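In: Requesting a structural model of the entry that follows:
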Amino acid sequence: MIYRKLRLVADLGAERPLSAQRGDEKIVIEVKSFLNPSFIYDLERAVGQYIIYRNYLKRTAPDHQIYLALGQLVYKANFDETIQVVVDENQLKLIIVDTDKEVITKWIS
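Out: I've put the predicted structure just below:
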């Protein structure tokens with residue numbers, strides 16, 4: 001997406017035109033691996049990037065929703081009730097993926 005001089009590129013759905021869809025919903029997906037030894041460091045970066053993209057999507061493609069995609073092992077190991085506070089407060093939309101089978105196992109809106 002381009003806003004004035006700023007160009008942001010999410011992992012899926014961000015090239016012209018923004019075309020990824022889930023049913024009738026137009027979406028942009030940012031995929032995160034969480035490979036850093038510090039989960040919190042990766043979470044800070046992922047949430048920050050998600051919020052920046054969401055803010056610019058409101059101005060450039062308001063009919064699109066952004067989702068953060070992550071592996072189900074990362075989700076199961078780290079997204080407990082303490083991290084759920086971050087998800088809730090920042091209204092994160094998540095896609096949980098079984099990376100071995102390469103299938104989406106859960107949509108969290």
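In: what packs against the helix ranked longest in the chain?
Out: Across the chain, the helix with the greatest residue count (assigned by DSSP state H) is helix 39-60. Applying 3 or more C-beta pairs under 8 Å, 6 or more residues apart in numbering; DSSP states H and E, we find helix 39-60 packed against strand 2-3, strand 25-31, strand 64-71, helix 72-78, helix 81-89. No exception for glycine: its C-beta is placed from N, CA and C like everyone else's.
In: just checking, next helix/strand downstream of the last one?
Out: Meaning helix 81-89. strand 94-98 (DSSP states H and E).
In: Show me what counts as buried in that following strand.
Out: Buried residues in strand 94-98, counted by 16 or more other C-beta atoms under 10 Å: Leu94, Ile95, Ile96, Val97.
In: got these as TSV, with distance to Val86 columns?
Out: Converted to TSV, the buried residues of strand 94-98 look like this (distance: C-beta to C-beta, whole Å):
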residue	distance to Val86
Leu94	11
Ile95	17
Ile96	16
Val97	19
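In: what's the most distant pair in the residues you listed?
Out: Within these, two members stand farthest from each other by C-beta to C-beta: Leu94 and Val97, at 9.9 Å.
In: quick one: low-confidence parts of the chain?
Out: Within the chain, the segments meeting pLDDT under 70 span 1-21.
In: Mind doing that once more with 80?
Out: Low-confidence segments of the chain (pLDDT under 80): 1-24.
In: Dead centre of it: give me the residue that sits there.
Out: Closest to where the C-alpha atoms of the chain average out (C-alpha atoms, centre = their mean) is Leu68, at 1.5 Å.
In: so what's it up against?
Out: Ile29, Glu30, Lys32, Ala46, Val47, Tyr50, Leu92, Lys93, Leu94, Ile95 (C-beta atoms under 8 Å, 6 or more residues apart in numbering).
In: make it 7 Å
Out: Taking C-beta atoms under 7 Å, 6 or more residues apart in numbering as the criterion, Leu68 is in contact with Glu30, Lys32, Ala46, Tyr50, Leu92, Lys93, Leu94.
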